[in-house]
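> Build me a model:
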Amino acid sequence: MQARYALALACAFSLISAVPSSSCSLDAAEPPAGFTALFNGENMEGWHAMGHFDPRKLAAMSDEDRAAKRAKDWEEAQAHWTVENGELVNDGHGAYLTTDKDFGDIELLLEYKTVAKADSGIYLRGTPQVQIWDYTEAGGKWNIGADKGSGGLWNNSKGAAGKDPLVLADKPFGEWNTFRIIQVGERTTVYLNGQLVVDAARMENYWDRQSPLFAAGPIQLQTHGGEIRWRNIFVREIESDEAAKLLAGYHGEGFQTVCNGKDFSGWAGPTENYEISDGVVRCKPGKGGTIYTEKEYSDFVARFQFKLPPGGNNGLAIRYPGEGDTAYKGMCELQVLDNTADRYAKLDPRQYHGSAYGMVAAHRGFLRPVGEWNFQEVTVQGSKIKVELNGTVILDTDLATVTEFMGKPVTGKDRTSGHFGFAGHSSPVEFRDIQIRDLAAE
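Modelled structure (predicted):
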């Protein structure tokens, strides 16, 4: 399980292959190495106030209206938030403290102490929430899951992974509880008092469940129903290479490397149009064509990293027959594209990165900056395809339902097996760590 991979920062000091300890204490005000303090222990510098409010509506406001809202929320918050002995204290009412800075992939450490019948939480990327509440029967909320304890992604859909914590890990009232939260894309892992309570579950977008979680947003400390105290709030932003290692470790059993990083053994097609150096497969500038695994797959999961140059354009050949244009002869071509390039500003939505080319559009806004490595996972089962980019699901579709095409029909979309490969389009897009899990062989 993921505990073997991302339990990595014992007391959050170092990220590879360590084991977290429930005995770790955050009594010191100094942040651990690599972390910064979000609360200085003296005042609320670096924070503003905002209640339960849709970030999309906030973004749509004029600068003047947004400033007026912030001033009003801050005035309300001052009546309910204080700083005492290095602790942030809320009386259970008022707007939520909200970081001035937006965050994407992070590791967050904090301590909290609350009282009976209180109900609070931590909003991530402006979205509810990692739950905190009274876990006792006397608290009166066992009917909605409080008996399972704090730490779950309570606003996930009923039955979704992460909604309920894996174990009850709350300490008795009057004692400090410690959270360690790791979020990469939508993938959210939560430790409460040293115990794993959410294991790399997707955090749903409460504000629009048909869309992915926002790529970035503020951290918010919720106020709801009773006093809560916070201290030692530390954050560490996770860079792309580390994020890829974490994502590759989440439930990663059964994958086999399909490119040895030295030559094209086990591959076919115009391999002379590509090159391999230091484990990286690269399409040669001005060259292209579809290279593909000699092995065919029906149902499978493919994982890999890729890096786009400015204006980069390539594609994934899915169930490719071994000849012809995979965008039409294969099940589909999944776009690999620099969405930010000016030359692509007016494409059909079904042509952007992660899309089933010409058939179904993927969500945009989740690529790393050009020149950074991205991590992608593609799951193909029957007629269904799911694309997870940097920890966020950007496409989840059933090609059997597609009846409208961009231009000519994709005659191969109903194929049940074929090769996996890369469809180069003249730009030096790079791939590495290419692995496939053959679901049909399990």
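
> For stretch 414-430, measure first residue to last.
By CA to CA, to the nearest Å, the extent of stretch 414-430 from end to end equals 29 Å.

> What of stretch 253-271?
OK, stretch 253-271 end separation, CA to CA: 29 Å.

> mind giving me the domain split of the protein?
3-245, 254-441 (automatic domain parsing).

> and these as TSV, adding mean neighbour count and mean pLDDT?
Just so you know, the C-beta spots here come from the backbone N, C-alpha and C atoms, and that holds for glycine as well. Output for the domains of the chain, formatted as TSV (neighbours: other CB atoms under 10 Å; pLDDT from 0 to 100):
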stretch	mean neighbour count	mean pLDDT
domain 3-245	18	90
domain 254-441	19	97
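
> now residue 412: how far from residue 233?
52 Å (CB to CB, to the nearest Å).

> How about residue 438?
Residue 438 sits 44 Å away from residue 233, going by CB to CB.

> Same check on residue 436?
41 Å.

> now the helices for the protein?
3-6, 55-60, 63-78, 240-249, 326-329 (DSSP state H).

> for those helices, which one sits closest to residue 309?
When the helices of the chain are compared by CB to CB, helix 240-249 sits nearest residue 309, at 15.7 Å.

> could you say what helices and strands the closest one packs with?
If contacts are counted by 3 or more CB pairs under 8 Å, 6 or more residues apart in numbering; DSSP states H and E, helix 240-249 sits against helix 3-6, strand 177-184, strand 373-381.

> tell me what the last one is packed against?
Counting contacts by 3+ CB pairs under 8 Å, 6+ apart, strand 373-381 is packed against helix 240-249, strand 300-307, strand 313-320, strand 384-389.

> And the first one, how far out from the chain middle?
Relative to its parent chain, helix 240-249 has a centroid offset of 11 Å by CA atoms, centre = their mean, to the nearest Å.

> swap in the second one?
The gap between where strand 300-307 is centred and where its chain is centred comes out at 16 Å by CA atoms, centre = their mean.

> Sheet partners, orientation included, of it?
strand 373-381 (antiparallel), strand 430-438 (antiparallel) (DSSP bridges).

> Contacts for it, please.
Strand 300-307 is contacted from outside by 244, 248, 252, 255, 314, 316, 336, 371-380, 420, 429-440, using CB atoms under 8 Å, 6 or more residues apart in numbering.

> would you list every one of the strands in the stretch 201-350 of the chain?
220-221, 228-237, 256-257, 267-268, 274-277, 280-283, 288-297, 300-307, 313-320, 332-337 (DSSP state E, counting those that start in this stretch).

> Equivalent analysis for the stretch 1-150 of the chain, please.
Remark: strands assigned in the stretch 1-150 of the chain by DSSP E, counting those that start in this stretch are 36-37, 47-50, 81-84, 87-90, 96-99, 106-114, 119-124, 127-133.

> sorry, back to before: nearest to residue 208 among the helices and strands packed on helix 240-249 would be which one?
strand 177-184 (18.3 Å).

> What strands line up against the closest one, and which way round?
strand 106-114 (antiparallel), strand 187-192 (antiparallel).

> Turn the strands paired with strand 300-307 into TSV, columns for distance to residue 266.
Formatted as TSV, the strands paired with strand 300-307 follow (distance: least, CB to CB, whole Å):
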stretch	distance to residue 266
strand 373-381	19
strand 430-438	11
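
> Select, out of these, the one closest to residue 293.
strand 430-438 (7.6 Å).

> chain center to the closest one: distance?
Put simply, strand 430-438 sits 19 Å off its chain's centre (CA atoms, centre = their mean).
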